[in-house]
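*Asks:* Quick one, what's the 3D model for this:
(one chain, ligands or ions: 1)
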Amino acid sequence: MAVYKVVTMPDEVLRAEARPVNKINEGVFRVLDNMKDTLYAENGVGLAAPQIGISKRLVVIDTGDNYMELINPQVIEKEGEEIASEGCLSVPGIVGIVKRAEKVVVKALNRQGEEMTLEGTGLLARAFQHEIDHLDGILFIDKAIETSKEPI
Ligand code: CO
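*Replies:* From the prediction side, this is the model:
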């Protein structure tokens, strides 16, 4: 078990386009295990590999009822609109109001290299979109309608 230090703005790794995972091997498993530990240590809803300084297309998410790991995830369908506030471990102290699709369908690989299709609405849809944006160097503050300091 290992908890990574979460990279924060303005670290350039957060702005890079992350590389796809070509080989799912022990190294990838180790990164996912440590991302999971880091997610829970930081009480996050999701974490993308660039946030721990690794520019690879890996995401872990737990919105409270289901832990999931996504390798090379892609949003393949979007539906509806929802405006809600969000924050990010890499942008500490800031919250923003962001418009996202209300429902998304995501395609990704699991540890066995099998393709999964996942559907999310509400918070899970938001987490999918927020974390997959990280893989393209996009932060929620880029899309926020407004931002403010986190209430104390
Ligand atoms: Co984030």
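*Asks:* quick one: contacts for the spatially most central residue of the chain?
*Replies:* For the chain, Glu131 is the residue whose C-alpha lies nearest the centre (C-alpha atoms, centre = their mean; 2.1 Å). Glu131 makes contact with Gly46, Leu47, Ala48, Val59, Ile61, Leu70, Pro73 under the criterion C-beta atoms under 8 Å, 6 or more residues apart in numbering. Using the backbone N, CA and C atoms, a C-beta is placed for each residue, glycine as well.
*Asks:* May I have the secondary structure class of Leu32?
*Replies:* Following DSSP: H, G, I helix; E, B strand; the rest coil, we place Leu32 in the helix state.
*Asks:* what's the distance between the closest residue to it other than its chain neighbours and Ser55?
*Replies:* Leaving aside its sequence neighbours, Leu32 sits nearest to Glu69 (C-beta to C-beta, 6 or more residues apart in numbering; 5.2 Å). According to C-beta to C-beta, to the nearest Å, Glu69 stands 18 Å off from Ser55.
*Asks:* More neighbours: which of the two?
*Replies:* Legend: neighbour count by other C-beta atoms under 10 Å for Glu69 and Ser55, higher for Glu69 (21 against 17).
*Asks:* shouldn't the more buried one be in contact with Gln112?
*Replies:* No. Using C-beta atoms under 8 Å, Glu69 makes no contact with Gln112, being 11.1 Å away.
*Asks:* Given the longest strand seen in the chain, what are its sheet partners and their directions?
*Replies:* Criterion DSSP state E: the longest strand present in the chain is strand 67-79. When pairing is defined by DSSP bridges, strand 67-79 lines up against strand 58-62 (antiparallel), strand 103-109 (antiparallel).
*Asks:* which stretches of the protein aren't confidently modelled?
*Replies:* 152 (pLDDT under 70).
*Asks:* State the distance from the closest residue to Leu58 other than its chain neighbours to Asp62.
*Replies:* Leaving aside its sequence neighbours, Leu58 sits nearest to Ala49 (C-beta to C-beta, 6+ apart; 4.1 Å). Ala49 is 16 Å from Asp62, where distance means C-beta to C-beta.
*Asks:* Show me the strands in the protein, by range?
*Replies:* Using DSSP E, strands in the chain cover 46-48, 58-62, 67-79, 82-86, 94-100, 103-109, 115-121, 144-149.
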